[in-house]
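A.B. asks: any chance you can model this:
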Amino acid sequence: MIATPAKLTVVRSLGFAAAASIAVANMIGQGVFLKARAMTCNVGSPGLMLGAWVVAGLLSLCGALTLGELGAALPQSGGPYAFLRRAFGGSAAFAYGWTGLFIGSPAPVAALAAGAAIFFNLAAGSVLDPYGFAVRLGGVPIAVAGVQFGAIALIAIMTAINCAPAIVNGGIATASAALKIGMLAAVTLAAFALGHGDVAHYATSGATGTCSGIAASVRSGLPGFAAALIGALYAYNGWHSLTLVAGEVRQVGRTLPIALIASVSIVIILYVAGNAAFVYVLSPVTIASLAPNASVGVTVVETLFGPIWRIIAAAFLFASVAATLHVTIFSNARITYAFAEDTRGLGVLRRLSPRGHVPVNAILINSAFAIVLLLAGSFDTLSNYFIFNSWVFFVATGIAMFVLRRTQPALPRPYRTFGYPIVPAVYVAVGGWLVVQTAISSPQASGIGLAILALSFPVYYLQRRRPRV
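C.D. replies: Numbers count the residues shown, from 1 in each chain. Coordinates of the predicted model:
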């Protein structure tokens, strides 16, 4: 009798350092170096700008405390996918996986790769510019600029790295997180020690500067603070990424919640201190008058050390964004893997590599979709839809914790949310407010995002009629 080969499963190989590093490396990318200008224009004062960083950080921490309980109780790949499935059933989980497959996973990968390629080109003296070419996609001619070619090459490199075992990528994430923390801490300390700044900058009010590209409707009051808060949340984006790889974390009931809380707390301190340093060196009016595509962090480094350091700072930003791209591909592929585990007709995407037990096919399909978005040049728009839909699911996940507490009180919970029910209630309430605020301020993007989400439900019921393969 021939024995049936055992089904491959992911390997729990990530310890505390690697787990926390995945979240840190996912969060610290380019947002902290870019968002101070727009946020200063939104609120008009350094105090309110720094306040938005604190509030966004605390909201992310509330989310980490909430998802820490869910991740410890349901330590499976895909994170929110498993939480929504247990609380609301297969259709809700399918909607999350559907959005992740077509928008949630490839759009941020495309955007990060493009950003990294821009910084690389800046640091390398426009070396990518001559490498543009033309391709035909579905019979449509598409011109590929040199920076796009560099972004595609970077996606390919990071995809190949992610096909290695999880323990290898966990080590890379640990090194990346250390680099990012060291880089941001060094800029912060240098700004205060060498910046010859002025503490009077913190008392400035009404510092709008030129504020190019910032609508007058979001330059003051509650709408302005909401816009600043959304900008800060963009920089914190990725705090939940550890729950996506929960199936590969060792001693997950203890490691996951502590790593989540520790990583978000570290990033809050770094972000608030870093932006305080930026304001110390540059006046709020100067910050608000920078070009829309300028990096406040690069400008501060150039002010401290001279023009030549602008290139060095761009090189460090390239490394930071490339590292975020690496962990984004790593974590988002687990959403697709979990989605394929439950979805008929997607058997090829739930297969694991025989040696590393890594969802290689899920990684490859996500990267392929990202390259298509990059070639189509539509990843910015799709990212806007993703941001709206992601917060819809963040709120749903917070509600799922309340549902599971009531419907499944016997579910083993190695960690229970600190401050329950206030902490998750604040997370759900503020997250819901942000969803409504985004729907009001960007009705077209949110409407299309909701249409993509709504399409998942008929597809879910249609695919259930197919035989499982």
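A.B. asks: next, count neighbours for L325.
C.D. replies: Residues within reach of L325, counting by other C-beta atoms under 10 Å, total 29. Where you see a C-beta, it was placed from the backbone N, CA and C, and this is true even at glycine.
A.B. asks: please identify the buried residues of whichever strand or helix holds P424?
C.D. replies: Assigned by DSSP states H and E, P424 belongs to helix 422-441. Neighbour counts using 16 or more other C-beta atoms under 10 Å place 423-424, 426-428, 430-432, 434-435, 437-439, 441 of helix 422-441 among the buried residues.
A.B. asks: please apply the same query to stretch 165-177.
C.D. replies: Neighbour-count burial for stretch 165-177 [16+ other C-beta under 10 Å]: P165, A166, I167, N169, G170, G171, I172, A173, T174, S176, A177.
A.B. asks: residues contacting it, please?
C.D. replies: Residues outside stretch 165-177 that contact it (C-beta atoms under 8 Å, 6 or more residues apart in numbering) are 10-11, 13-15, 17-22, 24-25, 28, 161-162, 245, 248, 323, 326-327, 330, 355-358.
A.B. asks: drop anything exposed from these.
C.D. replies: 10-11, 13-15, 17-22, 24-25, 28, 162, 245, 248, 323, 326-327, 330, 356-358.
A.B. asks: mind checking which of these are in helices?
C.D. replies: The helices, defined by DSSP state H, take in 17-22, 24-25, 162, 323, 326-327, 330 from the buried ones among the contacts of stretch 165-177.
A.B. asks: coming back round to it: can you name every helix or strand that the helix holding P424 contacts?
C.D. replies: helix 46-73, helix 221-236, helix 379-407, helix 443-463 (3 or more C-beta pairs under 8 Å, 6 or more residues apart in numbering; DSSP states H and E).
A.B. asks: between helix 46-73 and that helix, find me the angle.
C.D. replies: 120 degrees (axes from the mean of the first three to the mean of the last three C-alpha atoms, to 10 degrees).
A.B. asks: neighbouring contacts of helix 422-441?
C.D. replies: Helix 422-441 is contacted by residues 59, 62-63, 65-66, 217-218, 223, 226-227, 229-230, 233, 387-388, 391-392, 394-395, 398-399, 401-402, 417, 445-446 when judged by C-beta under 8 Å, 6+ apart.
A.B. asks: narrow those to those that are buried.
C.D. replies: For these, a burial check counting by 16+ other C-beta under 10 Å picks out 59, 62-63, 65-66, 218, 223, 226-227, 229-230, 233, 387-388, 391-392, 394-395, 398-399, 401-402, 417, 445-446.
A.B. asks: can you tell me the helix or strand for I157?
C.D. replies: helix 146-162.
A.B. asks: avg pLDDT for that helix?
C.D. replies: Helix 146-162 shows a mean pLDDT of 94 in the predicted model.
A.B. asks: isn't F402 right next to P421, touching?
C.D. replies: Yes. Shown here, F402 and P421 form a contact pair, counting by C-beta atoms under 8 Å, at 7.2 Å.
A.B. asks: from Q76, how far out is R219?
C.D. replies: To Q76, R219 is 44 Å away according to C-beta to C-beta, to the nearest Å.
A.B. asks: pLDDT score assigned to R351?
C.D. replies: Looking at R351, the pLDDT reads 88.
A.B. asks: ok, now which ones touch the closest residue to it other than its chain neighbours?
C.D. replies: Spatial nearest neighbour of R351, excluding adjacent residues (C-beta to C-beta, 6 or more residues apart in numbering): N361 at 5.5 Å. Shown in contact with N361 (C-beta under 8 Å, 6+ apart): V348, L349, R350, R351.
A.B. asks: those, buried ones only, as a PyMOL selection?
C.D. replies: Remark: buried members of those, expressed as a PyMOL selection using 16+ other C-beta under 10 Å:
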select buried, resi 349+350
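A.B. asks: circling back to that earlier point, now the residue nearest to R351: which helix or strand?
C.D. replies: Element membership of N361 [criterion: DSSP H and E] is helix 360-376.
A.B. asks: what's the angle from the helix-or-strand element of the chain with minimal mean pLDDT to helix 146-162?
C.D. replies: Ranked by mean pLDDT, DSSP states H and E, the weakest helix or strand in the chain is strand 133-137, scoring a mean of 74. Taking the same axes, to 10 degrees, strand 133-137 and helix 146-162 form an angle of 70 degrees between their directions.
A.B. asks: now the angle from strand 133-137 to helix 360-376?
C.D. replies: Comparing the axes of strand 133-137 and helix 360-376 via the same axes, to 10 degrees yields an angle of 110 degrees.
A.B. asks: check which element follows strand 133-137 along the chain.
C.D. replies: Counting by DSSP H and E, the next helix or strand C-terminal to strand 133-137 is strand 140-144.
A.B. asks: buried residues, that following strand. List them.
C.D. replies: For strand 140-144, by 16+ other C-beta under 10 Å, it's V144.
A.B. asks: ditto for stretch 449-461
C.D. replies: G449, I452, L453, S456, Y460.
A.B. asks: rewinding a little: and the helix holding N361, what's its mean pLDDT?
C.D. replies: Per-residue pLDDT values over helix 360-376 give a mean of 91.
A.B. asks: got the CA coordinates for it in CSV?
C.D. replies: Once non-C-alpha atoms are left out, helix 360-376 reads as follows in CSV (Å, rounded to 0.1, in the frame of the first residue of the first chain):
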residue,chain,number,x,y,z
VAL,A,360,5.8,30.6,-3.8
ASN,A,361,2.9,30.7,-6.3
ALA,A,362,1.1,33.3,-4.2
ILE,A,363,4.2,35.4,-4.1
LEU,A,364,4.6,35.1,-7.9
ILE,A,365,1.0,36.0,-8.7
ASN,A,366,1.0,39.1,-6.4
SER,A,367,4.2,40.3,-8.0
ALA,A,368,2.9,39.7,-11.5
PHE,A,369,-0.2,41.8,-10.8
ALA,A,370,2.0,44.5,-9.3
ILE,A,371,4.1,44.6,-12.5
VAL,A,372,0.9,44.9,-14.6
LEU,A,373,-0.3,47.8,-12.5
LEU,A,374,3.1,49.4,-12.8
LEU,A,375,3.1,49.1,-16.6
ALA,A,376,-0.5,50.4,-16.8
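A.B. asks: please renumber so the chain begins at 539
C.D. replies: Happy to do that; since the first residue is 539 now, the last one works out to helix 898-914.
A.B. asks: for it, buried residues please.
C.D. replies: Across helix 898-914, burial judged by 16+ other C-beta under 10 Å covers 898-905, 907-909, 911-913.
A.B. asks: and stretch 736-743, by the same measure?
C.D. replies: H739, T742.
A.B. asks: which one of the contacts of N899 is nearest A814?
C.D. replies: For the contacts of N899, the minimum distance to A814 (C-beta to C-beta) is 44.8 Å, reached by L887.
A.B. asks: show me the contacts for that closest one.
C.D. replies: The neighbours of L887, taking C-beta under 8 Å, 6+ apart as the test, are T874, Y875, F877, A878, P897, N899, A900, I903.
A.B. asks: ok, so of the ones in helices among the buried ones among the contacts of stretch 703-715, who is nearest S664?
C.D. replies: Of these, the one sitting nearest to S664 (C-beta to C-beta) turns out to be A861, at 23.0 Å.
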